[in-house]
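K.L.:
Sequence and predicted structure below; questions after.
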Amino acid sequence: MAKVLSGAGLRGQVAGKTALSTVGQSGSGLTYRGYDVKDLANSCQFEEVAYLILKGKLPNQTELDEYKALLKSMRNLPEALKEVLERIPANAHPMDVLRTGCSMLGNLEMEEDFSQQDHATDRMLACFPSIICYWYRYSHDGVRIDVETDDDSIGAHFLHMLHGEKPNELHEQVMHVSLILYAEHEFNASTFTARVCASTLSDMHSCITGAIGSLRGPLHGGANEAAMEMIEGFTSADHAEKEMMGKLERKEKIMGFGHAIYSESDPRNEIIKTWSEKLANDVGDTVLYPVSVRCEEVMKREKGLFCNADFFHASAYNFMNIPTKLFTPIFVMSRLTGWAAHVMEQRADNRIIRPSADYTGEELRSVPDITER
Ligand SMILES: CC(=O)SCCNC(=O)CCNC(=O)[C@H](O)C(C)(C)COP(=O)(O)OP(=O)(O)OC[C@H]1O[C@@H](n2cnc3c(N)ncnc32)[C@H](O)[C@@H]1OP(=O)(O)O
Ligand SMILES: O=C([O-])CC(=O)C(=O)O
C-alpha cells in the first residue's frame, strides 16, 4: 500500500531530483547550478544567467554576444498572434493575456519534437515581453507598437516598449537584477506544474502555459501585485503600522511575507530591497519605501515573518513606473528559464508523475434508481 504523506501541501516531501538549484538548504541561501544568486545578481546580466540555467554553463563573451543576438532576432510576433492580442479587452488580467499568448504561439509555432525544445524556449524568452507590451499598449493607448526595438537586453526591450522610450542605465540594471532573482527556484508550485505536464511527454508550450496559470495566484507569483495593492493604500510608515496591526489581529495573510521553504530569510529580499532604496532615492520618494520598511519591521516583530522575493519588488517596479498588473508577467519573463530547464531535465529522465491519494469518501454503494434519489 502507498505511504500516506503526513503534511498538507506535500511540504518536506522529496518529489524528484534536480541539478538546477538549491533553495534554503540552511534556512536561507539560493544557488543556480552551484553559483550563489547574490554573486550572479552582483556581476551578471540576466541573459548570462538564462544561458547558465538553460545550457548548463556560464557563457564566455562570444557565447553571450551570440545568445543575445539570437534572442534579439526573435522578438517579432506573428500577425495571427497580434490579431488575437488585439481582441483581448483592456480590463483582462495581463497574466491571462500571457497565458493566451503563449498558447496561441504554440499553435502557430508548434514544438514538433523535443529536438526543438531549445528553439521553442529561446523564442518564448525573446517574445514574451513583446506579447505583454503589444497587448498593453494596444488595449490601453490604442497604438500598435513596433516590438522589434534595438535594445541590448530583455529588460530594456520590455521597458522601451512599455514606456515608448529607452530606459536609463539604472532601470536597465534593476531589470537585470530582478530577472536574475526570479529566474529559478527548484520545485515551487509553477515549476512543479510544468514538470508534471512534461512528464506526460506533452509539448513545451503546454508546460509553460500551465506554469503561467500556477504562478498567477497571490500565494505564489501574484504576491508582488497584491503587495503593491496593499502598500499603496498606506500614506505613511505610522499609518502602515496601524493598518498592519489591524490585519494581523484579523488574522489576514499579508502578501509578500513568509515562505514554504526558507525559514530564516529569503536571500533575494535583501538584494531587491537595496535596489528599491536606490530607486526611491532616484525618484525622491518619501512614502513608499519607508512604508515598505515599516511593514517589514512590523511583520518581523509581531510574527517573526520575513519578506520574500516579492515584497520589495513591488516598490522597485512602482518606482520604475511599471503598472501594478504587469508585475507578475515580468516574473514570467524570467521564470520561463527555470520552467523550461526543468521541462528539459524531466524529459531527459522521465517517468510520468502520478502520486496516490488517501481516499476519504463513501464506502462502496449501489446506484439508486433516478426516482429514488
Ligand atoms: C515568489 C514566491 O512565490 S514567494 C511566496 C509568495 N506568496 C506570498 O507572499 C503569500 C503570503 N505568504 C503565504 O501565504 C505563505 O507564507 C506561503 C504560501 C508563502 C507559504 O505557505 P506555508 O508554507 O503553507 O506556510 P503557512 O501558511 O503554513 O504558514 C505558517 C504560519 O505562518 C502564518 N503565515 C505565513 N505567511 C503569512 C503571511 N504572509 N501573513 C500572515 N501570516 C502568515 C500562517 O498563517 C501560519 O500560521 P498558523 O500556524 O497560526 O496557522
Ligand atoms: O519556492 C517557492 O515556493 C516560491 C518561490 O519563492 C519562487 O517560486 O520563487
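P.N.:
Right, received. Where do you want to start? Quantities reported herein were computed from a predicted structural model and do not represent experimental measurements. Numbers count the residues shown, from 1 in each chain. Ligands and ions are numbered 1, 2, ... in the order given.

K.L.:
hang on, isn't residue 345 packed against residue 18?
P.N.:
Yes: contact between residue 345 and residue 18 holds when scored by CB atoms under 8 Å: they sit 6.1 Å apart. C-beta coordinates here come from the backbone N, C-alpha and C atoms, glycine included.

K.L.:
Now list whatever residues contact both of these two.
P.N.:
Common neighbours of residue 345 and residue 18 (criterion: CB atoms under 8 Å, 6 or more residues apart in numbering): none identified.

K.L.:
So which bits of stretch 218-237 are buried?
P.N.:
Buried residues in stretch 218-237, counted by 16 or more other CB atoms under 10 Å: 218, 220-228, 230-231, 234, 237.

K.L.:
same question, stretch 85-92
P.N.:
Of the residues in stretch 85-92, those with enough neighbours to count as buried (16+ other CB under 10 Å) are 85, 88.

K.L.:
ditto for stretch 12-26
P.N.:
By neighbour count with 16+ other CB under 10 Å, stretch 12-26 contains the buried residues 18, 20-24.

K.L.:
can you check stretch 244-263 too?
P.N.:
If you call a residue buried by 16+ other CB under 10 Å, then stretch 244-263 has these buried ones: 244, 248, 254-262.

K.L.:
What of stretch 118-134?
P.N.:
In stretch 118-134, the ones that count as buried by 16+ other CB under 10 Å are 120-134.

K.L.:
Could I get the CA-only coordinates of that stretch as PDB?
P.N.:
Taking only C-alpha atoms (Å, rounded to 0.1, in the frame of the first residue of the first chain), the coordinates of stretch 118-134 have been written out as PDB:
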ATOM      1  CA  ASP A 118      15.900  25.000 -27.200                       C
ATOM      2  CA  HIS A 119      14.400  26.900 -30.100                       C
ATOM      3  CA  ALA A 120      10.900  27.000 -28.600                       C
ATOM      4  CA  THR A 121      12.400  28.200 -25.300                       C
ATOM      5  CA  ASP A 122      14.500  30.900 -26.800                       C
ATOM      6  CA  ARG A 123      11.600  32.100 -28.900                       C
ATOM      7  CA  MET A 124       9.400  32.500 -25.800                       C
ATOM      8  CA  LEU A 125      12.200  34.200 -23.900                       C
ATOM      9  CA  ALA A 126      12.600  36.700 -26.700                       C
ATOM     10  CA  CYS A 127       8.900  37.400 -27.400                       C
ATOM     11  CA  PHE A 128       7.100  37.200 -24.100                       C
ATOM     12  CA  PRO A 129       7.900  40.900 -23.500                       C
ATOM     13  CA  SER A 130       6.600  41.700 -26.900                       C
ATOM     14  CA  ILE A 131       3.300  39.800 -26.200                       C
ATOM     15  CA  ILE A 132       2.800  41.700 -22.900                       C
ATOM     16  CA  CYS A 133       3.600  45.200 -24.300                       C
ATOM     17  CA  TYR A 134       1.900  44.800 -27.600                       C
END
